[in-house]
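Novice: Curious how this folds, go ahead:
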Amino acid sequence: MHIRAYLRASTKEQDATRAKDQLGAFAAERNLTIAASYIENESGAALKRPELFRLLADCLPGDVLLVEQVDRLSRLNAEDWDRLKTEIRAKKVKVVALDLPTSWMMMAVDKESIQARIFEAINDMMLDVLAAVARKDYEDRRRRQAQGIEKAKAEGLYRGRPEDTERNAAIIGMLKAGMSWSAIVAATGCSRSTLARLNKRAGGGVE
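Specialist: Sure, this is the predicted structure:
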């Protein structure tokens, strides 16, 4: 049995470090070793997560997918959650989450025993419940955010996303260096409308 830690973090590296420390402590308390860690900076509401599927590809039957919380694994809608569960079951991987104590027993019982079957049934039900709660929390926050933006717009207070000044300075530098717009878009991923705005700010460039 290999234990593989999945850390879905925000763009702040310290988030992943904190979670990694907690997962390491959890394993050490049980005299277990984490074989590999997979760090992802993707939304839990999206099924497209390269590191998660790389983890599953690396797994052998009986391996453990260890997460800090169920919402690190899924904020998916019901259809995508079913797809992910199907993939996990096909690989015969055990999901263990620090916020789901019933899942901890999965590492301690004989996989062929009646206890293992009981724990598996309970764990599957609890995973579904927590995944549904995580999805509802995600949708509620998105709705509140949208309502806040609409209210700010109505009051003339909404200013949109803060400017990425570091990236924009780099783009202006590219423009002044004579790089083509197509090359800049390919290198930075910015939109052509953003590029046009920065080009105007820079006093002209090349297209």
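Novice: which phi and psi does Val95 have?
Specialist: Note on Val95: its backbone torsions stand at phi -100, psi 120 [degrees, to the nearest 10].
Novice: can you count the residues close to it?
Specialist: As a burial measure, Val95 scores 21 neighbours (other Cβ atoms under 10 Å). All C-beta spots, glycine's among them, are computed from the backbone N, C-alpha and C.
Novice: try the one 3 residues further on
Specialist: By the measure other Cβ under 10 Å, the count of residues near Leu98 is 18.
Novice: Kindly report the same for Ala186.
Specialist: Ala186: 10 neighbours (other Cβ under 10 Å).
Novice: phi, psi of it?
Specialist: Torsion angles, degrees, to the nearest 10, at Ala186: phi -60, psi -40.
Novice: Next, the contact list for it, please.
Specialist: Shown in contact with Ala186 (Cβ atoms under 8 Å, 6 or more residues apart in numbering): no residues.
Novice: And it, how close does it get to Gly173?
Specialist: For Ala186, the distance to Gly173 equals 16 Å [Cβ to Cβ, to the nearest Å].
Novice: do Asn77 as well
Specialist: Asn77 is 42 Å from Gly173, where distance means Cβ to Cβ.
Novice: Which one's more surrounded, these two?
Specialist: Each of Asn77 and Gly173 has its neighbours counted (other Cβ under 10 Å); Asn77 has more, 15 against 11.
Novice: what's the pLDDT at the more buried one?
Specialist: Listed pLDDT for Asn77 reads 91.
Novice: Ramachandran angles for the residue nearest to it when sequence neighbours are not counted?
Specialist: Spatial nearest neighbour of Asn77, chain neighbours left out: Arg135 (6.3 Å); criterion: Cβ to Cβ, 6 or more residues apart in numbering. Note on Arg135: backbone dihedrals following degrees, to the nearest 10 are phi -60, psi -40.
Novice: What about Arg135, how many residues nearby?
Specialist: That count, for Arg135 with other Cβ under 10 Å as the rule, works out to 20.
Novice: quick one: contacts for it?
Specialist: Ala45, Ser74, Arg75, Leu76, Asn77, Ala78, Trp81.
Novice: Check the secondary structure at the fourth one for me.
Specialist: Looking back up the chat, that one is Leu76. Assigned with DSSP: H, G, I helix; E, B strand; the rest coil, Leu76 falls in the coil class.
Novice: What about it, how many residues nearby?
Specialist: If we define neighbours as other Cβ under 10 Å, then Leu76 has 23 of them.
Novice: show me where pLDDT drops low in the chain?
Specialist: For the chain, the stretches with pLDDT under 70 are 10-15, 108-113, 116, 157-161, 204-207.
Novice: which residue ranges form the strands in it?
Specialist: For the chain, the strands defined by DSSP state E cover 3-8, 34-40, 64-67, 94-97.
Novice: Closest one to Asn31 out of the contacts of Arg135, please.
Specialist: Ser74 (28.7 Å; Cβ to Cβ).
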